[in-house]
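[1] Test case, fold it:
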Amino acid sequence: MQISASQVAVATPLCPSCGDGVEDGMRACASCGYGFEFATRLLPYEAPPLRKFIDYDGQLSRDDIKTGQRALEKLRAHFPQITLCTCIARVPKEVSLSEFGFWFFNQSVPNSPRLTERRLHSILLCIDPDRGGASLTLGYGLDPFIDDESLAQCLEKIRKPLAAQDYGKVIRKLCRALRPVLNSGHEIVNRAYSEAILERRHQHRQQTLPSRRRPADTHAPAPKETHV
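    From the prediction side, this is the model:
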């Protein structure tokens with residue numbers, strides 16, 4: 001099931017602190033003052049371009065990667081444009097995992113046009129092994145069509161393997177949990193796309209219809225009354 005690039009709207013990024021929209025290039029959120037430069041100084045990582053597995057501390061075993069790879073292949077078989085990336089890192093206590101995911105996603109600059117387009121439809125899973133917690137960050141092409149409640153339900157389904165640090169199973173269960181969510185998002189995209197097409201066709205038809213002139217009056221004029 002493939003979503004055409006022309007069907008996907010790009011949403012405004014949201015501040016991880018207050019949830020308000022953030023324009024590209026802003027150094028701080030205009031609503032709450034959350035500073036993105038502060039997070040950059042605080043986090044001891046260089047954010048690479050997004051890839052399937054980003055493991056700073058060697059937490060992923062070979063079996064984890066094999067299990068995760070098989071799950072990712074099954075997910076991409078249904079959704080070819082979706083890329084799930086997993087980042088495992090120890091995050092300073094001053095930074096929430098949602099803030100880290102937002103920072104990491106925006107700092108990981110793609111190095112090719114193909115990766116730039118793929119990034120729009122990427123999902124970033126961030127895991128902190130010390131906290132035993134995780135967060136999900138959506139690419140801006142997916143964000144308008146998947147709500148926070150759906151993401152929270154996906155995270156709930158990986159709670160047990162996450163606590164056991166069974167990261168291969170975490171990725172596998174997350175891929176399964178994402179499928180109905182992405183199906184629902186795909187239906188929303190198709191419906192919005194169909195409505196947009198119909199609206200454009202209607203507007204085009206209105207622009208190309210010949211203007212209707214008022215028909216000429218074929219009746220003889222009524223005789224004028226004369227008074228003697």
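
[2] what helices or strands is the helix or strand where residue 102 lies leaning on?
    Applying DSSP states H and E as the criterion places residue 102 in helix 97-107. Helix 97-107 sits against helix 36-42, strand 122-128, strand 133-138, with contacts defined as 3 or more Cβ pairs under 8 Å, 6 or more residues apart in numbering; DSSP states H and E. The way it works is simple: take the backbone N, C-alpha and C, and place the C-beta from them, glycine included.

[3] shaky segments in the chain?
    For the chain, applying pLDDT under 70 flags the ranges 1-19, 21-27, 33-43, 45, 185-228.

[4] quick one, helices of it?
    36-42, 62-78, 97-107, 113-120, 148-157, 159-163, 167-208 (DSSP state H).

[5] got the buried residues for the fifth one?
    Read that as helix 148-157. Of all the residues in helix 148-157, those buried under the rule 16 or more other Cβ atoms under 10 Å are 150, 151, 154, 155.

[6] again with the third one
    Within helix 97-107, the residues scored as buried using 16+ other Cβ under 10 Å are 97, 98, 99, 100, 101, 102, 103, 104, 105, 106.

[7] What separation is there between the third one and residue 69?
    To tie it back to what came earlier, the one meant is residue 99. 29 Å (Cβ to Cβ, to the nearest Å).

[8] Check the fourth one too.
    Distance of residue 100 to residue 69, given as Cβ to Cβ: 24 Å.

[9] who touches residue 154 in this structure?
    By Cβ atoms under 8 Å, 6 or more residues apart in numbering, residue 154 lies in contact with 136, 174, 177, 178, 181.

[10] what comes up buried for stretch 81-99?
    81-89, 91, 95-99.

[11] Which two of those have the greatest separation?
    By the measure Cβ to Cβ, 81 and 95 form the most distant pair in these, at 30.0 Å.

[12] so residue 97 touches residue 132, yeah?
    No - counting by Cβ atoms under 8 Å, residue 97 stays clear of residue 132, with 10.6 Å between them.

[13] Quick one: neighbours of residue 170, just the number.
    Using other Cβ atoms under 10 Å, residue 170 has 27 other residues around it.

[14] Would you confirm that it contacts residue 127?
    Yes - contact criterion Cβ under 8 Å: residue 170 and residue 127 qualify, at 7.2 Å.

[15] list the residues that contact both of those two?
    134, 162.
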